[in-house]
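Visitor: Fold the following for me, if possible:
(one chain, ligands or ions: 2)
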Amino acid sequence: MDSIIINGGNALHGEVTTGGSKNAALPLLFATLLADGEFRFDNVPGLVDIDSTVLLLEHLGARCERDGGTMIVHAKPCEEQVAPYDIVRKMRASILCLGPLVARYGQAEVSLPGGCAIGSRPVNFHIEALRQMGAEIEIENGYIHATAKRLQGTCIVFENVTVGGTENLMLAAVLAEGKTVLENAAKEPEIVDLADCLRAMGAKIEGDGSSVITIEGVESLHACAHRVVPDRIEAGTLLIAGAITGGDVTVKDCVPGHLDALLRRMTECGFEIETGEDWMRVLPCERWTAVDIATSPYPGFPTDLQAQFMALMTVANGTSVITERIFENRFMHVQELVRMGADITPKTQVAIVRGRPGGLSGAPVMATDLRASASLILAGLATEDETIVNRIYHLDRGYEKLEQKLAGLGANIERRSG
Ligand SMILES: CC(=O)N[C@H]1[C@@H](OP(=O)(O)OP(=O)(O)OC[C@H]2O[C@@H](n3ccc(=O)[nH]c3=O)[C@H](O)[C@@H]2O)O[C@H](CO)[C@@H](O)[C@@H]1O
Ligand SMILES: C=C(OP(=O)(O)O)C(=O)O
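Guide: Ligands and ions are numbered 1, 2, ... in the order given. Just a heads-up that it's a prediction; the model follows:
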């Protein structure tokens, strides 16, 4: 199993580019189940989760070709609408094939995704909403069995904001009969990116980016070309990497407007941040002040940056209260940060981080999930000695060549295969 070795202590300097968004690319690729023909996607990140999606699409009859950041999907009619356990268990977002399959073919069998390190992560909102559109859904032998004559447009009010649920229902409603209104919908930039792509396929969608999305179903859709939106979580992680080392880092090819919540908090900490249309820069800062964060749906502070921000707070001046409101178990990085000298008291959904400027030391640590991996690497950069981050396969789900990007900024970091 690969690990990442970091010899901390270097202030990072220079420019680094952001790749395409994992969380946008996944639903976009599942949108190809809605039409036949040749789709072209640019700015597709090279990630294990993208490989898992390709595996599932190819299982469902498509052929995918990749050349750098470009992915061509030759979409064909799907003969057997089955998403098997062996593929779904690799990636929870596989559930996003349910909406398009049942909308287009009137049936689907999709393995129920399990929980993961950050929580139980049920898909009851997806299932309930599809039932409201007329789908008959049974759960048997670990599979969701869905059938429908033609899905019927209706008004769906999500009990809680759900990114995947909103996406699955958008992917279903575009081919339903009549108008679907999604209320309390997610507003994430990835939702807007999906809506843009679906519109390019001929769908009629309004309101994406707000909490009410209206979709007028159409009879059929066609293939299109689309460029994946930049990954705001990768961009935020790279900016924090510059900040935590007291460095001067410019993150290019990103959308700073998608990171308002992070940039506001970092500015409150005392960091000087400059932004342009598609870049942002953190300037050198020797000491920063602790601030509190509480995660919430977009445009709130993203849960996917909570672990990385916590690393920054472990070496801040003062005490920070970090509240995780999206997932019930997203503090798995705390114990590993503590092994590196951090002073953190975790409670149920709150962690009290008593900052210790210059107080971290390198250690062998274990990554438990994707963003926890990033958090431990950031903490490693802030020490003066060696950190070994084990179980790095989580990182490869969501960051393309993170160690190479950080090394390009002057970090002493390498991957060791083993
Ligand atoms: C591939 C992808 O885009 N993943 C992102 C997506 O995950 P994902 O789409 O899985 O997250 P959701 O927004 O659906 O989940 C939010 C909360 O709602 C709960 N819930 C969700 C659905 C449901 O049917 N029932 C239910 O109870 C979840 O357990 C969680 O507590 O949004 C999360 C929240 O921004 C991000 O952390 C993930 O990186
Ligand atoms: C939790 C994440 O992803 P997923 O929903 O794919 O597990 C993430 O990107 O941080």
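Visitor: which SS class is the residue in the chain positioned nearest to ligand 1?
Guide: Closest contact between the chain and ligand 1, by C-beta to the nearest ligand atom, is at Gly164 (2.7 Å). Any C-beta I mention is one placed from the backbone N, CA and C, and that applies to glycine too. When classified by DSSP: H, G, I helix; E, B strand; the rest coil, Gly164 comes out as helix.
Visitor: Any figure for the gap between the residue in the chain sticking out farthest from the centre and Tyr105?
Guide: Distance from the C-alpha centroid of the chain, by C-alpha atoms, centre = their mean, peaks at Lys149 (33.1 Å). As defined by C-beta to C-beta, to the nearest Å, Lys149 lies at a distance of 11 Å from Tyr105.
Visitor: same deal with Ile72?
Guide: Separation of Ile72 from Tyr105 (C-beta to C-beta) stands at 23 Å.
Visitor: more neighbours, the two?
Guide: Tyr105 (18 against 15; other C-beta atoms under 10 Å).
Visitor: which residues does that one contact?
Guide: Tyr105 makes contact with 78, 81, according to C-beta atoms under 8 Å, 6 or more residues apart in numbering.
Visitor: Can you name the residue of this structure nearest ligand 2?
Guide: Taking C-beta to the nearest ligand atom, the chain has Asp304 as its residue nearest ligand 2, at 4.0 Å.
Visitor: Can you verify that residue is assigned to a helix?
Guide: Yes - looking at Asp304 with three-state DSSP, it is inside a helix.
Visitor: Would you mind stating the distance between it and Glu128?
Guide: Counting by C-beta to C-beta - Asp304 and Glu128 are separated by 25 Å.
Visitor: Which one of those two is surrounded by more residues?
Guide: Set Asp304 next to Glu128 and count neighbours by other C-beta under 10 Å: Asp304 wins out with 24 against 14.
Visitor: now check stretch 136-150, is it near ligand 1?
Guide: No - using C-beta under 6 Å from any ligand atom, stretch 136-150 never reaches ligand 1; the gap is at least 11.7 Å.
Visitor: let me fix that: stretch 95-113
Guide: No - if you take C-beta under 6 Å from any ligand atom as the test, stretch 95-113 misses ligand 1, and the best it gets is 8.0 Å.
Visitor: ok, now stretch 168-181?
Guide: No - counting by C-beta under 6 Å from any ligand atom, ligand 1 is not contacted by stretch 168-181; separation bottoms out at 8.8 Å.
Visitor: quick one: that stretch near ligand 2?
Guide: No - with C-beta under 6 Å from any ligand atom as the criterion, ligand 2 is not reached by stretch 168-181; the gap is at least 12.9 Å.
Visitor: can you start the count at 11 instead of 1 from here on
Guide: Understood, numbering begins at 11; the last thing we discussed is stretch 178-191.
Visitor: That stretch - what's its average pLDDT?
Guide: Mean pLDDT, computed over stretch 178-191, is 98.
Visitor: got it, and stretch 44-53?
Guide: Here the average pLDDT along stretch 44-53 is 98.
Visitor: what's the span of it, first residue to last?
Guide: Length of stretch 44-53, first residue to last, C-alpha to C-alpha, to the nearest Å: 21 Å.
Visitor: how about it: buried residues?
Guide: Neighbour counts over stretch 44-53 (16 or more other C-beta atoms under 10 Å) mark 44-46, 49, 51, 53 as buried.
Visitor: again with stretch 265-284
Guide: Buried residues in stretch 265-284, counted by 16+ other C-beta under 10 Å: 265-266, 268-269, 271-273, 275-276, 279, 281, 283.
Visitor: Next, give me the two most distant ones among the residues you listed.
Guide: Pairwise distances across these (C-beta to C-beta) peak at 21.5 Å, for the pair Val265 and Cys279.
Visitor: So Pro309, which state does it fall into?
Guide: Classification of Pro309 by three-state DSSP places it in coil.
Visitor: related to what we said a few turns ago, can you tell me how far the residue of the chain closest to ligand 1 is from Arg102?
Guide: From Gly174 across to Arg102, the span is 8 Å (C-beta to C-beta).
Visitor: Out of those two, name the residue with the larger neighbour count.
Guide: Gly174 (21 against 18).
Visitor: Could you pull up the contacting residues of the more buried one?
Guide: By C-beta under 8 Å, 6+ apart, Gly174 lies in contact with 102-103, 105-106, 133, 136.
Visitor: need the residues of the stretch 161-310 of the chain near ligand 1, please.
Guide: So far as C-beta under 6 Å from any ligand atom goes, the stretch 161-310 of the chain lies against ligand 1 at 170, 172-175.
Visitor: Looking at those, spot the one nearest Ala421.
Guide: Val173 (31.0 Å).
Visitor: Checking the residue lying closest to that closest one once chain neighbours are set aside next. Helix, strand or coil?
Guide: The shortest distance from Val173 to any non-neighbouring residue, by C-beta to C-beta, 6 or more residues apart in numbering, is to Ala196 (4.4 Å). Of the three states, Ala196 takes coil according to three-state DSSP.
Visitor: Tell me how many other residues crowd Ala196.
Guide: Using other C-beta under 10 Å, Ala196 has 23 other residues around it.
Visitor: ditto for Gly71
Guide: For Gly71, using other C-beta under 10 Å, the count is 16.
Visitor: can I assume it sits in a strand?
Guide: No - using three-state DSSP, the assignment for Gly71 is coil, not a strand.
Visitor: correct me, but it touches Val92?
Guide: No - in this structure, Gly71 is not within contact of Val92 by C-beta atoms under 8 Å, at 11.0 Å.
Visitor: What sits closest to the residue most central in space within the chain if chain neighbours are left out?
Guide: Per C-alpha atoms, centre = their mean, the C-alpha nearest to the average position across the chain is that of Asn33, at 4.1 Å. In space, and not counting its chain neighbours, Asn33 is closest to Glu200: 4.8 Å by C-beta to C-beta, 6+ apart.
Visitor: Check Val331 too.
Guide: Here the residue nearest Val331, using C-beta to C-beta, 6+ apart, is Asp302, at 4.4 Å.
Visitor: Could you do Cys234 as well?
Guide: Counting by C-beta to C-beta, 6+ apart, Cys234 lies nearest to Ala210, which is 3.9 Å off, once chain neighbours are set aside.
Visitor: and the helix or strand encompassing Ser62, which residues are buried?
Guide: Using DSSP states H and E, Ser62 sits in helix 58-69. Neighbour-count burial for helix 58-69 flags 58-60, 62-67, 69 (criterion: 16+ other C-beta under 10 Å).
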